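>>> Turn this into a structure:
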Amino acid sequence: MHMKLTIFGIKNCDTMKKAFTWLDGHGLAYEFIDYKKADVVADHIDRWNKLVGWETLLNRKGLTWKKLSETDRSDIDEARALALMKTHPTLIKRPVLVSEKKVMVGFSPETYEVFTQSTL
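Down below sits the predicted model:
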């Protein structure tokens, strides 16, 4: 059975490059969608949130988070986090790897191995 993978993120991100290399090295076809260029976050974030949770999606370590005002960063909850990620897609951890039934956020060779094996 052939699985359809879509990977969302930002092209020049080092973690994205590692994920591309891993997918290519394992002969897995995927579609890349840059969520800085395409307005895709609003179309997908609610589903991602249902599957993995906003806490997993929100990148609190990145420069975009650090540049937010103290007001934006304080008392963060699901509604505020989702609104911020829709406004600032770079607040979403990268990459977001999506199959027909699953979503995985972040990259490590081990988790990609498990994800792709369980998705086949």
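>>> contacts, neighbours, all on C-alpha from now
OK.
>>> what helix or strand is the residue nearest to residue 41 when sequence neighbours are not counted on?
In space, not counting the residues next to it along the chain, residue 41 is nearest to residue 86; the distance is 5.9 Å by C-alpha to C-alpha, 6 or more residues apart in numbering. Per DSSP states H and E: residue 86 is located in helix 78-87.
>>> in the protein, which residue is closest to the centre?
Centroid-nearest residue in the chain: residue 96, 2.5 Å away (criterion: C-alpha atoms, centre = their mean).
>>> Now do the helices in the chain.
All helices of the chain, identified by DSSP state H, fall at 14-25, 41-52, 54-57, 63-67, 70-73, 78-87, 109-119.
>>> what angle do the last one and helix 14-25 make?
Spelled out, that is helix 109-119. Going by axes from the mean of the first three to the mean of the last three C-alpha atoms, to 10 degrees, helix 109-119 is angled at 50 degrees with respect to helix 14-25.
>>> returning to that earlier point: next, the buried residues of the helix holding residue 86.
Buried residues in helix 78-87, counted by 16 or more other C-alpha atoms under 10 Å: 81, 82, 84, 85, 86.
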